[in-house]
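Asks: Need a 3D model of the sequence below.
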Amino acid sequence: MEDLKIMLNSIEGLDKDAMAAAKRYLDHLSKPIGSLGVLEDLVVKLSGIKGKTIKKINKKTIVVMCADNGIEREGVSSCPREVTAIVTQNIADGTTAVCKLSEYYNSDVELIDIGVDKDFDDPKIVNKKISYGTRNMTQGPAMTREEVVKAIKVGIETVRDLKERGYDLIGTGEMGVGNTTTSAAIISVFSGIDSDLIVGKGSGLTDDGLAHKRRMVKKAIEVNKPKVEDALDVLTKVGGLDIAGLCGVFLGGALFRIPVVIDGLISSAAALCAKGLCPKAGEYMLGSHLSAEPGAQFAMEALGVQPLFNLGMRLGEGTGCPIAFGIIEGAIYTMSNMASFSESGVDESDYIDIRETE
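Replies: Below you'll find the predicted structure:
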């Protein structure tokens, strides 16, 4: 626990000088100042993360944390528990949506078993198992504090390893039956919003199933009384190993100065936990899509993160990240290769910047 505190205390904010330099560079390109909007914002933020005006992404991957959730025993999902292991293996086989989108956008996938209720014998699945799933959070805490810290460290160590392997852009994904339930509880606690407004149908519940799921989330929060001021307490009581592992990925991104892209509802919950543990970690997060799950908007607002697009997606796995990678790399490529006004033969002193005024 002490070494985790040391790591959190060593996280620094964005490099403001690098951001200012990037902004000056962009403002001299042959376009109206700020006219590329969010694309310019991305380049400036990435420069603050990297400590220099960023010109290229070298390697990118999506970290997919897989784990079972004890709350699944309460019938909060339309899928049986065994689906976690099945889909984990499918990701290893390269047959799922995140695999195909990653292939298209030239991204890798780092697949981690942090708590699946099955043992695997596949070199493509990194074994970091802490337990065979969590406990039922309607009966008490889902995990011990020690298990949560171990899971967070798995995420941090994963980012350290990825950095050593040359990765400089990371996405977040997960697989775990029941994890939209744990995510809804976490988002409700951190946002202060009634969980009934946050809980969605997940993998396809009926209206009756949704009502039951809402009751289970309320029960878990009432039984455990998680403390919003203590992110470890929230994770321990109503979290999951997959979420705790992704929390570590976000913290690792901040620690090793690597941008980390949020996928959907579950990784948003993990991002809230990371920001709760270290507010500066929120500066290293980038949005991808706005999930169709009702809690996603509340999570994005609580994080202060702007989603880059909305395609009505709600699959999870990290499927929003490769699409976001394409937007991020497109922004970097465009502004790294545009001509400046001086290179175009334009006297900048004669250029009139027309901007909207309030």
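Asks: And the strands in the stretch 151-300 of the chain?
Replies: Ranges of strands in the stretch 151-300 of the chain, per DSSP state E, counting those that start in this stretch, are 169-175, 260-261, 285-286.
Asks: Report all helices and strands that the helix ranked longest in the chain contacts.
Replies: When the chain is parsed with DSSP state H, its longest helix is helix 145-164. Applying 3 or more CB pairs under 8 Å, 6 or more residues apart in numbering; DSSP states H and E, one finds that helix 145-164 contacts helix 2-9, strand 60-67, strand 108-115, helix 231-238, helix 241-255. For the C-beta atoms, the positions are set from N, CA and C on the backbone; glycine is no exception.
Asks: What residues sit buried inside that helix?
Replies: 147-156, 158-159, 162-163 (16 or more other CB atoms under 10 Å).
Asks: a markdown table for the residues you listed, including distance to Asp196 and pLDDT?
Replies: Formatted as a markdown table, the buried residues of helix 145-164 follow (distance: CB to CB, whole Å; pLDDT from 0 to 100):
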| residue | distance to Asp196 | pLDDT |
| --- | --- | --- |
| Glu147 | 29 | 98 |
| Val148 | 26 | 98 |
| Val149 | 31 | 98 |
| Lys150 | 33 | 98 |
| Ala151 | 28 | 98 |
| Ile152 | 29 | 98 |
| Lys153 | 34 | 98 |
| Val154 | 33 | 98 |
| Gly155 | 30 | 98 |
| Ile156 | 34 | 98 |
| Thr158 | 35 | 98 |
| Val159 | 35 | 98 |
| Leu162 | 38 | 98 |
| Lys163 | 41 | 98 |
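Asks: and the residue nearest the centre of the chain, what are its phi and psi?
Replies: Centroid-nearest residue in the chain: Ile262, 2.8 Å away (criterion: CA atoms, centre = their mean). Backbone geometry at Ile262, expressed as degrees, to the nearest 10, gives phi -80, psi 140.
Asks: can you pull the contacts of it?
Replies: 172, 268, 271, 285-288, 303, 305, 320 (CB atoms under 8 Å, 6 or more residues apart in numbering).
Asks: farthest pair in these?
Replies: Leu303 and Gly320 (14.5 Å; CB to CB).
Asks: Show me which of those two is the more surrounded one.
Replies: Neighbours of Leu303 and Gly320, each counted by other CB atoms under 10 Å, are more numerous for Gly320; the result is 33 against 20.
Asks: For Ile262, see how far away that one is.
Replies: Separation of Gly320 from Ile262 (CB to CB, to the nearest Å): 8 Å.
Asks: can you list residues touching both of the two?
Replies: Listed as contacting both Gly320 and Ile262 by CB under 8 Å, 6+ apart are Ser288.
Asks: Break the protein down into its structural domains.
Replies: 2-55+334-350, 60-329 (automatic domain parsing).
Asks: Low-confidence stretches in the stretch 1-150 of the chain?
Replies: Confidence mapping of the stretch 1-150 of the chain against pLDDT under 70 gives the ranges 1.
Asks: Contact partners for Met285?
Replies: Met285 touches 250, 253, 259-262, 271, 274-275, 303, 305, counting by CB under 8 Å, 6+ apart.
Asks: Most neighbours out of the residues you listed, which is it?
Replies: Counting by other CB under 10 Å, top hit in these: Ile262 with 32 neighbours.
Asks: so how far is Cys278 from that residue?
Replies: In this view, Ile262 and Cys278 are 16 Å apart by CB to CB.
Asks: ditto for Ser10
Replies: Ser10 sits at a distance of 10 Å from Cys278 (criterion: CB to CB).
Asks: higher neighbour count, these two?
Replies: Per other CB under 10 Å, whichever of Ser10 and Cys278 has more neighbours is Cys278, with 20 against 10.
Asks: list the contacts for the residue lying closest to that one once chain neighbours are set aside?
Replies: Distances taken as CB to CB, 6 or more residues apart in numbering put Leu8 closest to Cys278, at 4.7 Å, once the chain neighbours are dropped. Counting by CB under 8 Å, 6+ apart, Leu8 touches 251, 277-278.
Asks: Thanks a lot, see you next time.
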